[in-house]
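In: make a model of this:
(one chain, ligands or ions: 1)
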Amino acid sequence: MTSKRSAVIIGAGIGGIATSVYLAKSGYDVTVFEKNSAPGGRCGQLIRDGHRFDLGATMLMMPDIYRDVFDSLGIPLFENIEIKPLENLYKIYFDNNEVIAFTTDKEKMKAQHEAIEPGSYLKSRKYVEDGYEIFQLGMNKLIGRNFDNIFQFANFRNIGMLIKLKTYVSNWKYAKKFFSDSHLRMAYTFQNIYVGQSPFNSPALFSMVPAAELTEGSFFPKGGMYTIVEKLLSEALRSGVKINYNNAVKKISINGKKAEGIILEDGSEIRSDIVVANADLPYVYRKLLPDRAKSQRLDKLKYSCSAICFHWGLDKTYPQLGHHSVFLSDGFRDGLDKIFIEKSVSDQPSFYIHAPARTDPDAAPAGGDTLSFIIGSGHVDKMKKQDWDMLKKQTHKALVNRLKKLGLEDIEEHIKFEICYTPESWESACNITRGSVFGSIAHNLLQMGYFRPHNQHSRYKNLYFTGGSTHPGNGIPNVLLSAKLTSERILKN
Ligand SMILES: Cc1cc2nc3c(=O)[nH]c(=O)nc-3n(C[C@H](O)[C@H](O)[C@H](O)COP(=O)(O)OP(=O)(O)OC[C@H]3O[C@@H](n4cnc5c(N)ncnc54)[C@H](O)[C@@H]3O)c2cc1C
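Out: Coordinates of the predicted model:
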């Protein structure tokens with residue numbers, strides 16, 4: 001009898017667990033090592049005093065990608081899990097009290113657009129329809145496939161595609177062609193922050209994000225985004241995957257041109273036929289591998305921004321807030337400059353609030369509320385003076401003041417506890433380089449597709465990568481695709 005080929009996976013994030021299922025179902029003997037005490041990484045969960053928080057991801061969008069990947073894993077995504085479409089994708093609040101609720105309901109969108117800028121509804125439809133075409137083209141040609149060589153990516157035919165994908169103009173400039181009103185421009189471009197970019201500096205390719213949301217809708221699973229992790233995890237365990245928590249990998253053992261396995265923090269060595277790193281790719285090159293030169297090259301790349309996240313357990317409910325709320329500050333541009341140039345946070349930041357108990361009452365104890373805030377911030381930069389403790393206090397104050405303006409006068413008195421993640425906490429919680437939580441390596445054109453660090457090591461051919469910092473990039477739909485593409489490459493090889 002021939003013995004099974006073995007695979008070791010470093011990290012139990014969405015990317016690591018999904019890859020473990022693909023490999024186990026293809027006959028591999030799979031063992032996962034996770035440094036933390038629980039799975040999920042940036043899609044982790046925290047429960048305290050009856051308040052349930054999704055630590056990172058909160059929005060389930062691009063549901064067709066979830067469906068595709070789960071189908072290919074043989075997991076019925078919608079079985080034993082209630083995934084609800086949300087009536088509003090999010091409500092966007094501006095400083096002058098103007099509000100627009102993004103929804104897939106066209107009549108509601110029309111009324112709101114026409115009230116803000118007459119004639120803008122038809123333009124918004126064009127923006128969304130073109131953006132959705134970009135999304136579909138991008139999925140087929142750029143995001144949803146492996147590249148084996150540069151010619152598959154940068155060939156004559158693809159030049160036309162890159163033009164169609166609006167890679168030559170910034171997202172902000174592109175939105176300007178559609179909307180004169182600056183609030184509408186902000187409303188259609190702030191989503192760039194999902195991939196850690198500024199709309200002033202990233203290609204209009206990313207108009208695909210609001211377009212996909214407004215076409216396919218936004219969803220929320222009962223139990224929170226962590227149920228996606230649980231669903232993958234139970235299939236992994238059912239398929240025979242062994243998962244070891246509180247087990248940090250210290251090194252990948254290399255012999256010549258081969259990865260021979262891993263060495264754990266306690267010194268024990270695990271040998272395997274292949275190694276898959278789900279941990280942040282630049283961190284793996286810097287800390288787990290011997291290649292200094294490659295690590296230094298990775299260090300010179302552009303990195304995504306980071307985020308300060310607050311999780312509040314409250315002893316009062318605030319029905320004024322919907323499931324997802326976005327507050328866009330008058331200082332939108334300055335705020336982005338603070339993040340991307342100064343590597344800091346504005347004192348009047350734009351921010352996002354997740355209030356899951358609106359859709360899933362179990363997320364908060366009766367009479368209480370569970371709120372999570374995400375505020376884009378600069379990533380950790382040793383060349384800058386960054387006082388995260390001061391910035392955390394300053395940001396907390398700015399949030400409270402903004403919510404008071406919305407009528408939540410007494411909110412500060414009702415915070416029972418606060419948990420905060422700064423860029424430094426993200427860096428240590430999940431080993432994410434510079435705390436650049438949105439994919440670590442930025443998503444500019446020269447760092448995407450074939451140019452993004454590959455999912456197979458160029459020298460150690462049995463070492464692979466999966467997750468947000470390799471191809472295609474950040475966000476759970478992309479990470480699921482990454483697991484699929486990496487597994488396809490492994491199985492093909
Ligand atoms: C604040 C925030 C909001 C977000 N919102 C959304 C959203 O609404 N929708 C969406 O789709 N996406 C969202 N995302 C992005 C999404 O969460 C990530 O893209 C995704 O979870 C990343 O998964 P991953 O598997 O690539 O990496 P990770 O989740 O980082 O997993 C890597 C794992 O490797 C482990 N590890 C690292 N080093 C070692 C080591 N040496 N040994 C063992 N284990 C190790 C880590 O602990 C971690 O568990 C958000 C992210 C953040 C931070």
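In: what segments of the stretch 51-200 of the chain are helices?
Out: 63-73, 106-116, 120-138, 150-153, 156-164, 171-176, 182-189 (DSSP state H, counting those that start in this stretch).
In: again, but for the stretch 251-400 of the chain
Out: 281-283, 292-299, 332-340, 388-405.
In: and the helices of the stretch 51-200 of the chain as a markdown table, adding mean pLDDT?
Out: Below are the helices of the stretch 51-200 of the chain laid out as a markdown table (pLDDT from 0 to 100):
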| stretch | mean pLDDT |
| --- | --- |
| helix 63-73 | 95 |
| helix 106-116 | 97 |
| helix 120-138 | 94 |
| helix 150-153 | 73 |
| helix 156-164 | 67 |
| helix 171-176 | 94 |
| helix 182-189 | 97 |
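In: so which elements touch the helix or strand containing Pro210?
Out: Using DSSP states H and E, Pro210 maps to helix 208-216. Counting contacts by 3 or more C-beta pairs under 8 Å, 6 or more residues apart in numbering; DSSP states H and E, helix 208-216 packs against strand 60-61, strand 99-102, helix 120-138. (C-beta placed from N, C-alpha, C; glycine too.)
In: just these: most buried one?
Out: Sort those by mean neighbour count, taking mean count of other C-beta atoms under 10 Å, and strand 60-61 sits at the top with a mean of 22.
In: show me what contacts the residue in the stretch 201-350 of the chain that the ligand sits nearest to?
Out: When scored by C-beta to the nearest ligand atom, the stretch 201-350 of the chain has Ala279 as its residue closest to the ligand, at 3.3 Å. For Ala279, the contacting residues are 10-11, 249, 288, 430-431, 467, by C-beta atoms under 8 Å, 6 or more residues apart in numbering.
In: try it again with 7 Å
Out: By C-beta atoms under 7 Å, 6 or more residues apart in numbering, the contact list for Ala279 reads 10-11, 431.
In: repeat for Leu288
Out: 249, 251-252.
In: hmm, 8 Å instead?
Out: Counting by C-beta under 8 Å, 6+ apart, Leu288 has contacts 10, 249-252, 262, 277, 279.
In: which bits of the stretch 51-200 of the chain sit near the ligand?
Out: 56-59 (C-beta under 6 Å from any ligand atom).
In: would you reformat those residues as JSON lines and include pLDDT?
Out: JSON lines is the format used below for these (pLDDT from 0 to 100):
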{"residue": "Gly56", "pLDDT": "96"}
{"residue": "Ala57", "pLDDT": "97"}
{"residue": "Thr58", "pLDDT": "97"}
{"residue": "Met59", "pLDDT": "96"}
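In: what distance do you get for Ile10 to Thr433?
Out: When C-beta to C-beta, to the nearest Å is applied, the distance between Ile10 and Thr433 equals 15 Å.
In: just for the stretch 351-493 of the chain, where's the confidence low?
Out: In the predicted model, the stretch 351-493 of the chain carries no residue with pLDDT under 70.
In: which parts of the stretch 201-350 of the chain sit against the ligand?
Out: 248-249, 278-279, 307, 309.
In: where does the closest residue to Ser170 other than its chain neighbours land on pLDDT?
Out: With C-beta to C-beta, 6 or more residues apart in numbering as the criterion, Ser170 has its nearest non-adjacent residue at 5.9 Å, and that residue is Phe200. pLDDT, the model's per-residue confidence, is 95 for Phe200.
In: so who does Phe200 touch?
Out: Phe200 neighbours (C-beta under 8 Å, 6+ apart): 170-172, 333, 336.
In: just put the residues you listed in JSON lines and tack on distance to Met225 and neighbour count.
Out: Below are the contacts of Phe200 laid out as JSON lines (distance: C-beta to C-beta, whole Å; neighbours: other C-beta atoms under 10 Å):
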{"residue": "Ser170", "distance to Met225": "30", "neighbour count": "19"}
{"residue": "Asn171", "distance to Met225": "26", "neighbour count": "28"}
{"residue": "Trp172", "distance to Met225": "29", "neighbour count": "21"}
{"residue": "Arg333", "distance to Met225": "30", "neighbour count": "15"}
{"residue": "Leu336", "distance to Met225": "26", "neighbour count": "25"}
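In: how near is the nearest residue to Ser198 once chain neighbours are set aside to Thr433?
Out: Spatially, and ignoring its direct neighbours in sequence, Ser198 is nearest to Leu336 (4.4 Å; C-beta to C-beta, 6+ apart). Using C-beta to C-beta, Leu336 is found at 21 Å from Thr433.
In: Ile339 - how many residues pack around it?
Out: 25 (other C-beta atoms under 10 Å).
In: Asp381 is in contact with that one, correct?
Out: No. Using C-beta atoms under 8 Å, Ile339 is not in contact with Asp381; the gap is 11.3 Å.
In: quick one: contacts for the closest residue to the residue of the stretch 201-350 of the chain closest to the ligand other than its chain neighbours?
Out: Computed as C-beta to C-beta, 6+ apart, the closest residue to Ala279 that is not its neighbour in sequence is Gly11, at 4.4 Å. Listed by C-beta under 8 Å, 6+ apart, the contact partners of Gly11 are 32-35, 41, 277-279, 467.
In: out of those residues, who has the most neighbours?
Out: Neighbour counts for those (other C-beta under 10 Å) peak at Asn278, which has 33 neighbours.
In: quick one, what contacts that residue?
Out: 9-13, 15-16, 19, 41, 465-467.
In: again, only using 7 Å
Out: Per C-beta under 7 Å, 6+ apart, neighbours of Asn278: 9-11, 13, 15-16, 19, 466-467.
In: out of those residues, which is most surrounded?
Out: Thr19 (36 neighbours).
In: that one: what's it in contact with?
Out: 9, 276, 278, 466, 483, 486-487.
In: greatest separation within these: which pair is it?
Out: Using C-beta to C-beta, the two most remote members of these are Asn278 and Ser487, lying 12.0 Å apart.
In: redo the helices of the stretch 51-200 of the chain as JSON lines? Include distance to Gln447.
Out: JSON lines is the format used below for the helices of the stretch 51-200 of the chain (distance: least, C-beta to C-beta, whole Å):
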{"stretch": "helix 63-73", "distance to Gln447": "21"}
{"stretch": "helix 106-116", "distance to Gln447": "34"}
{"stretch": "helix 120-138", "distance to Gln447": "15"}
{"stretch": "helix 150-153", "distance to Gln447": "13"}
{"stretch": "helix 156-164", "distance to Gln447": "14"}
{"stretch": "helix 171-176", "distance to Gln447": "16"}
{"stretch": "helix 182-189", "distance to Gln447": "20"}
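In: brilliant, that's me finished.
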